[in-house]
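Sequence and predicted structure below; questions after.
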Protein chains: 2
Amino acid sequence: MRKVFQAELHHIGEELIEISQLVSEAIQRADSAFRGADTELAQEVIAADTRIDFLQNALDERAIDVLALQGPVASDLRMIVGALRMSASLERMGDLARHIAQLARLRFPANVIPERIRPTFDELADLDIQIATKVTELLETRNLELSSEISAANSRVNELHASVFRAIAAEDWNETAPTTVDVTLASRYFERFADHGVSVSSKVTYLVTGEWHPSAPLN
Amino acid sequence: MRKVFQAELHHIGEELIEISQLVSEAIQRADSAFRGADTELAQEVIAADTRIDFLQNALDERAIDVLALQGPVASDLRMIVGALRMSASLERMGDLARHIAQLARLRFPANVIPERIRPTFDELADLDIQIATKVTELLETRNLELSSEISAANSRVNELHASVFRAIAAEDWNETAPTTVDVTLASRYFERFADHGVSVSSKVTYLVTGEWHPSAPLN
């Protein structure tokens, strides 16, 4: 019984890693589509998101079956409830990568982001990609140093997100209103993606250390 | 044992209703603060959100205890897992009400929304308030007609959200860039709030009927 249970827990962990890898791929490709105004690539990211949703449902069903059949307690139980929450955050990260791809597709053949503010968005995208990669690695290794690195990357994302609004409020901002909308939404998507990454990482930390540090109210 | 368990399930249901009532209050007050540019009321909504977060944590801890101590199966298990998910959506709705209040506070003494587009936002706010009220009622009564009403209200919210972007893209939109940002974010907050309401309502429907209709990919 215990052996079956350990195998199930292991399987759930593997599935989380798989979803996290797909999310990491999604944000990388969404960013390429976004930077390069590549509508085909954007379309692929959008289509691939259904796979993430499917895997999340499958993981959740498995987790519920384990709860029903094995009645786990203590740390095993927290691991499974944690997996349900992490899968929800990862699924949401997939949605946000899809939204970024959708913006690229919507504005094709134009670039979503005006030239002058592109360096900020390049850095936002790089940070999100780093966060997604580190989340996968954290799920694989449980090396909590990654968790601090994820938090640090997220702080930088928040700074950049705020700087986007300062740029828009500056006197020399002379973009069209629809561009202002796109920039606002894109910045928000990148910022939310990072937040969910921190959310997954806090849960892993909690499962490893048993200490819960709910993050300050975010967005 | 069974009796204790039923009492625990009942308690979890009551806590969900309490959180839902607070969310309903939060969106109503956030909307008043937003329409009336009332910074004190906005501050109250912001402060009250910590209570929602606290109750969500308490509910989640209770749900995990029930899983550990009672090892529920079948529909009882699904009810508890459903409660964990609903509490996450409700907590998020509280955050979004807080964001709306924060916009009101940030722009005080000005109104966030320009005159000409205010009717759209009044309707968005009314629909969100309706959704929140109906979610509470649905949790109390499990009357699934409310669920259809919530979906219908959400469809209207999506239409209005799209119409906001059309208004911004129209030639006669001559607002400042920061106003365009505020309008974009406010519309997005109202739209996300409604989505989470649908999410809670789908889970109640699932628990009552056993039929799961995952909604189409939303935002």
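Good, I have the coordinates. The shown structure was predicted, so the numbers you read here are calculated from the model rather than taken from an experiment.

if I pick A:Ala74, what's in contact with it?
The contact partners of A:Ala74, by CB atoms under 8 Å, 6 or more residues apart in numbering or on different chains, come to B:Ala68. Heads up, the C-betas are built off the backbone N, CA and C, glycines and all.

For A:Asp122, see how far away the most centrally placed residue in chain A is.
Centroid-nearest residue in chain A, with CA atoms, centre = their mean: A:Met93, separated by 3.3 Å. Distance, A:Met93 to A:Asp122, by CB to CB, to the nearest Å: 19 Å.

Got the phi and psi for the closest residue to chain B within chain A?
Using CB to the nearest CB, the closest approach of chain A to chain B is made by A:Gly71 at 3.5 Å. When read as degrees, to the nearest 10, the backbone of A:Gly71 gives phi 50, psi 50.

Looking at it now. What's its pLDDT?
On pLDDT, A:Gly71 comes in at 89.

I figured it was touching B:Val66, is that so?
No - A:Gly71 is not in contact with B:Val66 according to CB atoms under 8 Å; the separation is 11.7 Å.

out of those two, which sits in the more crowded spot?
Shown here are A:Gly71 and B:Val66; by other CB atoms under 10 Å in any protein chain shown, B:Val66 has more neighbours (22 against 17).

nearest spatial neighbour of that one, skipping sequence neighbours?
B:Glu8 (4.9 Å; CB to CB, 6 or more residues apart in numbering or on different chains).

so where do the helices sit in chain A?
A:2-36, A:39-70, A:74-107, A:118-141, A:145-169, A:177-209 (DSSP state H).

who in chain A is up against chain B?
Taking CB under 8 Å from any CB of the partner chain as the measure of proximity, chain A contacts chain B at A:49-50, A:53, A:57, A:64, A:67-68, A:71, A:73-74, A:77-78, A:81, A:84-85, A:88, A:95, A:98-99, A:165, A:168-169, A:173, A:175, A:177-178, A:180-181, A:184-185, A:188, A:214, A:217, A:219.

same thing but at 7 Å, please
Within chain A, the positions lying close to chain B (CB under 7 Å from any CB of the partner chain) are A:64, A:67-68, A:71, A:73-74, A:77-78, A:81, A:84, A:88, A:99, A:165, A:168-169, A:173, A:177-178, A:180-181, A:184-185, A:217, A:219.

Just the buried ones from these, in PyMOL syntax?
One line in PyMOL is enough to select the buried ones among the residues of chain A next to chain B; burial here means 16 or more other CB atoms under 10 Å in any protein chain shown:
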select buried, chain A and resi 64+67+68+71+77+78+81+84+88+99+165+168+173+177+178+180+181+184+185
